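**Student:** dropping the sequence and predicted coords here.
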Amino acid sequence: MSPQPDLPDPAHHDVDSMLSRKFGREVANYFSGSTLNRVSFLRTDYSFISAALTHKSTSFLLLNDLAPLAKDPSQLAYAKHDDIKSLIGDNPFAKSEDELIKEYNSSVTLPLVLFLGIDERKQEGFEHGIYKGKPFFAVDVTPRGTVEKEASAVIEAMKAKGLQFVEGRMHMNLNAPEAAIYAHARALTDWNARNPFCAGCGQPTMSVNAGTKRVCPPTDYAALPNAQGGATSVPSTPNTRAACVTRKGITNLSFPRTDPTVIMAVVSHDGKRVLLGRQKRWPPHWYSTLAGFCEPAESVEEAVRREVWEESGVLLGRVVIHSTQPWPYPANLMIGAVGQALPDGEKIHLEYDPELEDAKWVDMDEIREALRVGTSGLGEAPGEGYKEGGLRLPPQTAIANQLLQAVSGGFLNGSTNL
Ligand SMILES: [Zn+2]
């Protein structure tokens, strides 16, 4: 089994609080716990963003097709402004957003430059008004469009330094604070890449608000094709684009998506067993908690009860929320809950929604033993002491594991500080 990364520290866990005394210690899940202050209200302040972008202490996380630049699979690597100037230009935030929108030219590729925030624990000389700290940005260096050559050159230069773009479906080996930075950068980079066109009119969109919104500009300097099919030269005045429904309202913006998902540890009415399910593609003996998407106009508690009934036939009464986990694959927020079965609702039926290959009630002792020896990433071997045929469970970086630790460790009766 590869070593498991630490989890982030819950915020202010050392401060005595009446909420902690009543509800237990806060659980911070993997991919949360960023050390950056996002100062989200400064994303439109181009004097701040410009100063942050060009400061000598500033770090740039590069993503190539969403693979992050890293020293090794546990540690990210960062570029400096000089390393990426040839791709993004000296300062893509030198003008106000209104001016940039007026200059919009859809035939020129503007690489995504995303402001992530400032690390206020690191004082390396960047100061702007009342804000101090080390700025962090992300840049999408995926070779595409009119900057394909420049992007490829940046990638090769980084590789020549002995750094790598870490591929993989999930990045669960990063140290906890950097996993949060990567999750933030990945979610927004992916959202920008998936939304090159306006949902209202189908015309190309441009990135604004330092990478966190997209706008459908009213005009375009792109050269129009001439009668022979070739492009005319860049016009001296921009072409007016077709009308768009998004330009009629107060704002002309589209916002990043976050899709709420519920994931739940379901306990029997007497609290002595936990309901687990498995999908066909998982390794033998591997089980996890049930999960599913929230639907429009549905509360989290209702989504938990519906998903559990659909997938297993089990009927739930009370549902409480335990903790949550950002999950940037691509844009989920996992809402971890604990639900208790109704006294006569524990019978398992798999025939409603055939999503699961199996679902079963497991005694708490077996859960505790599996948490001790049977956890690992999906493609990895279980821990030392695992006996073939024993229950296998997800690693501690997955919220499913945290939920199972909670219900098998005293969450149900408040006997431990989970
Ligand atoms: Zn539009």
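**Tutor:** Cool, got the structure.

**Student:** please make it C-alpha for all contacts and neighbour counts, starting now.
**Tutor:** Will do.

**Student:** output the lowest mean pLDDT helix or strand found in the protein.
**Tutor:** strand 253-254 (a mean of 81; mean pLDDT, DSSP states H and E).

**Student:** what packs against that one?
**Tutor:** strand 213-215 (3 or more CA pairs under 8 Å, 6 or more residues apart in numbering; DSSP states H and E).

**Student:** anything in the least confident helix or strand of the chain near the ion?
**Tutor:** No: Strand 253-254 is not in contact with the ion by CA under 5 Å from the ion; minimum separation 9.2 Å.

**Student:** for the stretch 201-350 of the chain, which residues are neighbours of the ion?
**Tutor:** Applying CA under 5 Å from the ion, we find that the stretch 201-350 of the chain lies next to the ion at 201, 216, 244.

**Student:** partner strands of the least confident helix or strand of the chain and their direction?
**Tutor:** Its sheet considered, strand 253-254 pairs with strand 213-215 (antiparallel) by DSSP bridges.

**Student:** just after the strand it pairs with, pick out the following helix or strand.
**Tutor:** Downstream of strand 213-215, the next assigned helix or strand under DSSP states H and E is strand 219-220.

**Student:** so which residues make contact with that following strand?
**Tutor:** Strand 219-220 is touched from outside by 102-106, 238-241, with contacts defined as CA atoms under 8 Å, 6 or more residues apart in numbering.

**Student:** same question, stretch 301-311
**Tutor:** Looking at stretch 301-311 with CA under 8 Å, 6+ apart, the contacting residues turn out to be 262-264, 290-295, 314-317, 319-320, 337, 339, 349-350, 352-356.

**Student:** hang on, the earlier thing: now the least confident helix or strand of the chain: how far from the chain's centre is it?
**Tutor:** From the chain centre to the centre of strand 253-254 is a distance of 20 Å (CA atoms, centre = their mean, to the nearest Å).

**Student:** repeat that for stretch 327-335.
**Tutor:** Worked out by CA atoms, centre = their mean, stretch 327-335 lies 5 Å from the chain centre.

**Student:** and the contacts of strand 219-220, which is closest to the ion?
**Tutor:** The shortest gap between the ion and any of the contacts of strand 219-220 belongs to Arg241, at 8.9 Å (CA to the ion).

**Student:** Leu350 against Gln279, yeah?
**Tutor:** No: assessed by CA atoms under 8 Å, Leu350 is found out of contact with Gln279, at 11.9 Å.

**Student:** name the residues contacting each of these two.
**Tutor:** The contact lists of Leu350 and Gln279 share 356, 358, where a contact means CA under 8 Å, 6+ apart.

**Student:** hang on, the earlier thing: tell me which two of the contacts of strand 219-220 sit farthest apart.
**Tutor:** Glu103 and Arg241 (13.2 Å; CA to CA).
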